[in-house]
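Asker: can't give you the sequence, but here's the structure:
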């Protein structure tokens, strides 16, 4: 088993949550670094590492931890020839 997944396994609400929470944690770490807030060394480190991981896995849509746990929130569909196609879950917003 490879450590880094070759197929996308992060999508839908999972990806959205990662792309919101990750940058927020990075901003908190940056604010601590600049002295705007005081959260402590451990909280700073956790914020920085978790924010970076969540942002990276949200952007690449590949998460090694999800692969190990067997979790796949990325939707796959089968085409007419029976081949799997990776598709992002359809958004419910208006189309332009």
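Answerer: Sure, I can see it. Keep in mind that this is a model prediction, so the values were computed, not measured.

Asker: Residue 8 and residue 61 touch, don't they?
Answerer: Yes. Contact criterion Cβ atoms under 8 Å: residue 8 and residue 61 qualify, at 4.1 Å. Bear in mind the C-beta positions are built from the backbone N, C-alpha and C, glycine included.

Asker: which residues touch the residue nearest the centre of the chain?
Answerer: In the chain, the residue lying closest to the centroid (Cα atoms, centre = their mean) is residue 58, at 2.5 Å. When contacts are counted by Cβ atoms under 8 Å, 6 or more residues apart in numbering, residue 58 is found next to 10, 15, 18, 19, 22.

Asker: still on that earlier bit, between residue 8 and residue 61, what contacts are shared?
Answerer: In contact with both residue 8 and residue 61: residue 74, using Cβ under 8 Å, 6+ apart.

Asker: Give me the longest helix you can find in the protein.
Answerer: Counting residues, the longest helix found in the chain (DSSP state H) is helix 12-34.

Asker: Does anything pack onto that one? Which helices or strands?
Answerer: Secondary-structure packing of helix 12-34 (3 or more Cβ pairs under 8 Å, 6 or more residues apart in numbering; DSSP states H and E): helix 41-60.

Asker: if we can go back for a sec, if we only consider the contacts of residue 58, which is nearest to residue 74?
Answerer: Residue 74 lies nearest to residue 10 out of the contacts of residue 58, by Cβ to Cβ, at 6.0 Å.
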